[in-house]
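**Student:** Turn this into a structure:
(one chain, ligands or ions: 2)
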Amino acid sequence: MATELDLDALLRDKDKHVIACCGSGGVGKTTTAAALALRAAEVHGRRTVVLTIDPAHRLAQSLGMEALDNTPRPVRGLESGSLDAMMLDMKRTFDDVVALHTTPDRAAEIFANPFYQAVSSTFSGTQEYMAMEKLGQLRETGEWDLIVLDTPPSRSALDFLDAPARLARLLDGRVIRLLSASTPGSRRSMLSLMGASAAVFTRVFNKILGGHLLTDVAEFTASLEDTFGGFRKRAEATFRALQDDQTSFLVVATPEPAAVGEAVYFSRRLTEERMPLDGIILNRLTPVRASLSAERALGAAAILEEDEPESPVAAALRTHADLARRWSTEQRVAARYEAACPDIPQVWLSTLGPEVVDLGGLRGFGAAAAERPARSHVE
Ligand SMILES: Nc1ncnc2c1ncn2[C@@H]1O[C@H](COP(=O)(O)OP(=O)(O)O)[C@@H](O)[C@H]1O
Ligand SMILES: [Mg+2]
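**Tutor:** Ligands and ions are numbered 1, 2, ... in the order given. Modelled structure (predicted):
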């Protein structure tokens, strides 16, 4: 049986400086990140910042993140310690990187370029990459001893790991040199210069960008030339930083086949990439504590209904049977993760109400996840 994940040990570990919560969309990544950050600050006294990607409006409000200004702000209402929170502004992060690596004139040129505008706001890996970039920036300041990172609601969890490599590929020096060799001419001159290979590049770029029109590629790549080297180095540095022991990855999943499938896939990828995966949080379980099985409940309901077809007790037994079955299914689905990844420590967490949107809710979430031994409270 997989071991239990001791979240408090992780949160108070002074050698851990980054905790990243990953998983497919809607499983509770943002909630987990916020709850763990709050607990690290309040219970363990660590100077913590949480970088969220897509917080629900009410959660953002509770964390004081109403203004999307791409800067960590202190969370008010803590019982002790201090916590900062921010939500990622992808475009602004990209702009900041450009501004930092080039002259104001060139930056203005880049910002005005339609290709840049497309890449910075719709490139399929931009959000993932910019989360990495922001993480790198927060680490550099040395202001916090723990950074808790929420990850983007990627369709595929893989996007998160692939983003730096994909961006690095896009920004690969050779591609840039070839494309910019044709500038300051028009796109036509670029195409004629490069002949057949231009078509190849266009195909590659289209693939990376998901079919965007590449009208100003040449101009764009020429003006970004200096910046590209920096981008790539940063992407690689952040990627390497994620592999060291100061980082801890937590996978979050709900007991649904798709989410668990994704969690297994993601766990394997993390392991392959030598990223330190410390545990899985199985979230939103709906345990049934009574020992009466679904079959016995249904049997008893049938007997009662023979005498009284509308029996309220029989109806209650049938409801119990539904819940008990759901719980069995959840346990079975959860067991698939364990079968696939037996060495990854686990935490099982119940659904704590309709939503977790305020500090009290986050505190409850953190306590339920960290204080009780993994499965005892749900089984
Ligand atoms: N254990 C839980 N109990 C109750 N509600 C939860 C729990 N975990 C998550 N939620 C709710 O589920 C929704 C999705 O969670 P969220 O953290 O935004 O997921 P993700 O970031 O993975 O997309 C939110 O409304 C959140 O409040
Ligand atoms: Mg989220």
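**Student:** do stretch 240-250 and ligand 1 meet at all?
**Tutor:** No. Using CB under 6 Å from any ligand atom, stretch 240-250 stays clear of ligand 1, coming no nearer than 11.8 Å. Glycine gets a C-beta too; all of them are placed from N, C-alpha and C.
**Student:** my guess is S121 contacts D89, does it?
**Tutor:** No. Contact criterion CB atoms under 8 Å: S121 and D89 do not qualify, at 10.7 Å.
**Student:** What residues does the chain have near ligand 2?
**Tutor:** Counting by CB under 5 Å from the ion, the chain comes close to ligand 2 at 29-30, 54.
**Student:** Kindly indicate the member of those with the most neighbours.
**Tutor:** Counting neighbours by other CB atoms under 10 Å, K29 leads those with 29 neighbours.
**Student:** if I pick that residue, what's in contact with it?
**Tutor:** 21-23, 150-151, 153, 252 (CB atoms under 8 Å, 6 or more residues apart in numbering).
**Student:** Which of the residues you listed scores worst on pLDDT?
**Tutor:** Ranked by pLDDT, these bottom out at P153, which scores 72.
**Student:** quick one on the thing from earlier: of S121 and D89, which one has the most company?
**Tutor:** Set side by side, S121 and D89 show more neighbours around D89, with 16 against 12, by other CB under 10 Å.
**Student:** Count residues in the vicinity of the closest residue to the more buried one other than its chain neighbours, would you?
**Tutor:** Nearest residue to D89 in three dimensions, chain neighbours excluded: N70, at 4.1 Å (CB to CB, 6 or more residues apart in numbering). As a burial measure, N70 scores 18 neighbours (other CB under 10 Å).
**Student:** ok so, going back, just among the contacts of K29, which is most surrounded?
**Tutor:** C22 (30 neighbours).
**Student:** Hmm, that residue is touching S248, no?
**Tutor:** No. In this structure, C22 is not within contact of S248 by CB under 8 Å, at 11.1 Å.
**Student:** need the contact list for the residue in the stretch 1-150 of the chain that ligand 2 sits nearest to.
**Tutor:** Proximity to ligand 2, evaluated over the stretch 1-150 of the chain using CB to the ion, is greatest for T30 at 3.3 Å. Shown in contact with T30 (CB under 8 Å, 6+ apart): 21, 52-56, 59, 150.
**Student:** got JSON lines for these, with distance to T3 and secondary structure too?
**Tutor:** Shown next, in JSON lines, are the contacts of T30 (distance: CB to CB, whole Å; DSSP: H, G, I helix; E, B strand; the rest coil):
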{"residue": "C21", "distance to T3": "19", "secondary structure": "strand"}
{"residue": "T52", "distance to T3": "29", "secondary structure": "strand"}
{"residue": "I53", "distance to T3": "29", "secondary structure": "coil"}
{"residue": "D54", "distance to T3": "31", "secondary structure": "coil"}
{"residue": "P55", "distance to T3": "31", "secondary structure": "coil"}
{"residue": "A56", "distance to T3": "32", "secondary structure": "coil"}
{"residue": "L59", "distance to T3": "31", "secondary structure": "helix"}
{"residue": "D150", "distance to T3": "25", "secondary structure": "strand"}
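**Student:** from the residues you listed, which two are the most distant?
**Tutor:** Across the contacts of T30, no pair lies farther apart than C21 and A56, at 15.1 Å, counting by CB to CB.
**Student:** Give the burial count for the spatially closest residue to V97 that is not a sequence neighbour, as a bare number.
**Tutor:** Computed as CB to CB, 6+ apart, the closest residue to V97 that is not its neighbour in sequence is E133, at 6.0 Å. As a burial measure, E133 scores 24 neighbours (other CB under 10 Å).
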